[in-house]
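# show me how the following folds:
(2 chains)
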There are 2 protein chains.
Amino acid sequence: MANESSLDALFGAMADPTRRAVVARLVEGPAAVKELHAPHDIALPTFLRHLKVLEASGLVRSEKAGRVRVVHLEAAALSAAEGWLRDQRRMWERRLDRLEAVVAELSERTDDGG
Amino acid sequence: MANESSLDALFGAMADPTRRAVVARLVEGPAAVKELHAPHDIALPTFLRHLKVLEASGLVRSEKAGRVRVVHLEAAALSAAEGWLRDQRRMWERRLDRLEAVVAELSERTDDGG
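I've put the predicted structure just below:
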């Protein structure tokens, strides 16, 4: 289970369209920094700052392969963020189930009385 | 499907432990601002700023009920954020499936040749 500060970093990392686009590209497989940067109309230093935010959050890692830096997705970090959201949704669904049960019981009683 | 700027706001809203705690509380049901603030050891104005960020992202809405402001979760917004993450995970899983298929084929060929 991800702790609070790692969830801060994960959700913060995903709160930007360039960084989400990088994640969406990396689910297809690792890529060199140059290739990741190519579709984005922003200066390389700005793009590298986005990569740093992603690395600091644990969503990606990078390593030198010869003269090229290759970036990989860390799928476990993606799962941690998804897990938090899924937990909230499940609690919400349980609440709806309970409300439905109450409504069903109330309407049964109303039928008995009517 | 959530657009890019709404995903920015959603993930940004969740990148804070106080705001996540409010969401986690609201999945249990609506609550008054005073009740939401009680467990948090921060000044009310600071807490109200967190609520504003949550409202601006679409994750919660609030309405006056007499003299009390009641806050509700917008489950659809939560689902939009979860949906984006789920899409990434599914793409990732498809990639793993393809890799596994390739590995299986290669090791079959190796067996034939051996």
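
# tell me where the model's unsure across chain A.
The model of chain A has pLDDT under 70 over residues A:1, A:113-114.

# show me which residues of it sit near chain B.
Contact residues, chain A versus chain B (C-beta under 8 Å from any C-beta of the partner chain): A:4-5, A:7-12, A:14-17, A:20, A:23-24, A:27-29, A:73, A:75, A:78-79, A:81-82, A:84-86, A:88-89, A:91-92, A:95. The way it works is simple: take the backbone N, C-alpha and C, and place the C-beta from them, glycine included.

# show me how to select, in PyMOL, the buried members of those residues.
If you want just the buried ones from these in PyMOL, going by 16 or more other C-beta atoms under 10 Å in any protein chain shown, the selection is:
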select buried, chain A and resi 7+8+9+10+11+12+14+15+16+20+23+27+73+75+78+79+81+82+84+85+88+91+92+95
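
# I'd like to know how many residues surround residue A:31.
Per other C-beta atoms under 10 Å in any protein chain shown, the neighbour tally for residue A:31 reads 18.

# show me what it is bridged to.
Beta-bridge partners recorded for residue A:31 (DSSP bridges): residue A:71.

# that one: what's it in contact with?
Going by C-beta atoms under 8 Å, 6 or more residues apart in numbering or on different chains, residue A:31 touches A:25, A:70, A:71.

# pull the contacting residues for the second one.
Contacts were defined as C-beta under 8 Å, 6+ apart; by that measure residue A:70 touches A:30, A:31, A:32, A:33, A:62, A:63, A:64.

# same question for residue A:29.
Counted by C-beta under 8 Å, 6+ apart, residue A:29 has contacts residue B:95.

# please repeat the previous calculation with a cut-off of 10 Å.
Contacts for residue A:29 (C-beta atoms under 10 Å, 6 or more residues apart in numbering or on different chains) come out as A:72, A:73, B:92, B:95, B:98, B:99.

# could you list which of the residues you listed belong to helices?
In this view, the contacts of residue A:29 that belong to helices under DSSP state H are B:92, B:95, B:98, B:99.

# do a quick rundown of the helices in chain A.
A:4-14, A:17-26, A:33-37, A:44-57, A:75-113.

# out of those helices, the one nearest residue B:40 is which?
helix A:4-14 (13.2 Å; C-beta to C-beta).

# can I get the closest one as CSV, trimmed to CA atoms?
Provided in CSV are the C-alpha atoms of helix A:4-14 (Å, rounded to 0.1, in the frame of the first residue of the first chain):
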residue,chain,number,x,y,z
GLU,A,4,0.5,9.4,1.9
SER,A,5,3.6,11.2,0.7
SER,A,6,4.1,8.8,-2.2
LEU,A,7,0.4,9.3,-3.2
ASP,A,8,1.0,13.0,-3.1
ALA,A,9,3.9,12.6,-5.5
LEU,A,10,2.1,10.1,-7.7
PHE,A,11,-1.1,12.2,-8.2
GLY,A,12,1.0,15.4,-8.5
ALA,A,13,3.1,13.7,-11.2
MET,A,14,-0.1,12.8,-13.1
